Each structure stands twice: as C-alpha cells, then as structure tokens.
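*Asks:* Structural data only, the sequence is not supplied:
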C-alpha cells in the first residue's frame, strides 16, 4: 500500500516482467465520503449511549449521532481516491484510513482520550481535520483487504463515526 498522486494504472490482468507475472490493478476508483453528524445533540448524547466503535460490545448503530457514509463499499484493488466532504453544519471532522484484519476485533480505543490509538490501529493515511462544508482528498494504492475509515476527533469514533470498505482482488 502506498500513497501517491493520481496516475494511469494498467488495464490488463497481468504484467509480465523478467521477475515473473504480477497482477495489474484496475483503473482508479473514486469513493465519495460524507462526514456527517446530527448537530449539537451529537456530543451531548455521548454519556447516554454505549460506545459504537467497530466490534465494541453492546454497540447499537441505530443510535449513532455521527457517521461516515461512502458511495461504494467494495472497490477493486489498485488506486483509490477518497473524495471527502465534511457535511456537518457546525463540527470539525477528519477521515483516517487503516487496515482491518478482523471485523470482530475492536480497534485499540483509549476511553480516557476518547480516541483510537492510530499507530496501534495501523494508520495508513488521513484527510486531516476539515471545517464544516470543506473538502479534501486522499489517493492510495490499496491491496485486497478490508479497511476502516473513521473520524478520530475525541468522541467521534465511539459515537458511530466509522465505516468499512472492502478492496477486492
């Protein structure tokens, strides 16, 4: 996995070199990402709701007051560009990208800081904090696997601000 600028990707199934055959990835995919919340009530409910991070016990995502929505949940391996918009009217959000080995395992969450330990979670890259209405983008070359997109502003991840993306081989 590497972070790079957008460039043309091979369109053929295999590239032959003197070292052998290597799979070629499809042309790049654009994933539209919406960072959203339900306004001021989003954080005031924090004490009333069980944390809703991935695989956290008792999570009830129907109670989420924040979230990340993507327009496709499965993309082909290769270049992926995340086109991120903070659709909040009043809160700053960000998008962090990390691999997921097992969706039944919680991310390393520090309840005192109310944040995911990004290094322990395998932080790959991010679109840093964006003010309401602002946009950003991130282009990565991703191998097949499952990835999590989450906001790591204190409290946001536990309030349901995460989603999964599958990268297919």
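*Replies:* Everything's here; your move. These numbers were taken from a predicted model, which means no experiment stands behind them.
*Asks:* what sits opposite the residue nearest the centre of the chain in the beta ladder?
*Replies:* Nearest to the geometric centre of the chain sits residue 149, at 1.2 Å (CA atoms, centre = their mean). Note on residue 149: beta-bridge partners residue 97, residue 163, judged by DSSP bridges.
*Asks:* Which residues are in contact with it?
*Replies:* The neighbours of residue 149, taking CB atoms under 8 Å, 6 or more residues apart in numbering as the test, are 33, 68, 70, 82, 95, 96, 97, 162, 163, 164, 165. (C-beta placed from N, C-alpha, C; glycine too.)
*Asks:* got a winner among those for most neighbours?
*Replies:* Top of the contacts of residue 149 by neighbour number is residue 95, holding 28 neighbours under the definition other CB atoms under 10 Å.
*Asks:* Quick one: residues in contact with the helix or strand harbouring it.
*Replies:* In this assignment (DSSP states H and E), residue 95 forms part of strand 93-100. With CB under 8 Å, 6+ apart as the contact definition, strand 93-100 has outside contacts at 1, 33, 35, 37, 54, 66, 68, 82, 84, 86, 107, 116, 118, 121-130, 136, 138, 140, 145-153, 156, 161, 164.
*Asks:* Separate out the buried members of the residues you listed.
*Replies:* The neighbour count (16 or more other CB atoms under 10 Å) marks 1, 33, 35, 37, 54, 66, 68, 82, 84, 86, 107, 116, 118, 121-122, 124-127, 130, 136, 138, 140, 147-153, 156, 161, 164 as buried among these.
*Asks:* Among the residues you listed, which lie within helices?
*Replies:* Mapping these onto helices (DSSP state H) picks out 118, 121.
*Asks:* so where's the chain shaky on pLDDT?
*Replies:* Low-confidence segments of the chain, defined by pLDDT under 70, span residues 1-27, 44-49.
*Asks:* Partner strands of the longest strand along it, with direction?
*Replies:* Once the chain is assigned using DSSP state E, the strand that runs over the most residues is strand 26-37. Listed by DSSP bridges, the sheet partners of strand 26-37 and their directions read strand 66-70 (antiparallel), strand 78-86 (parallel).
*Asks:* what is the orientation angle of the first one with strand 93-100?
*Replies:* Computed with axes from the mean of the first three to the mean of the last three CA atoms, to 10 degrees, the direction of strand 66-70 lies at 70 degrees from that of strand 93-100.
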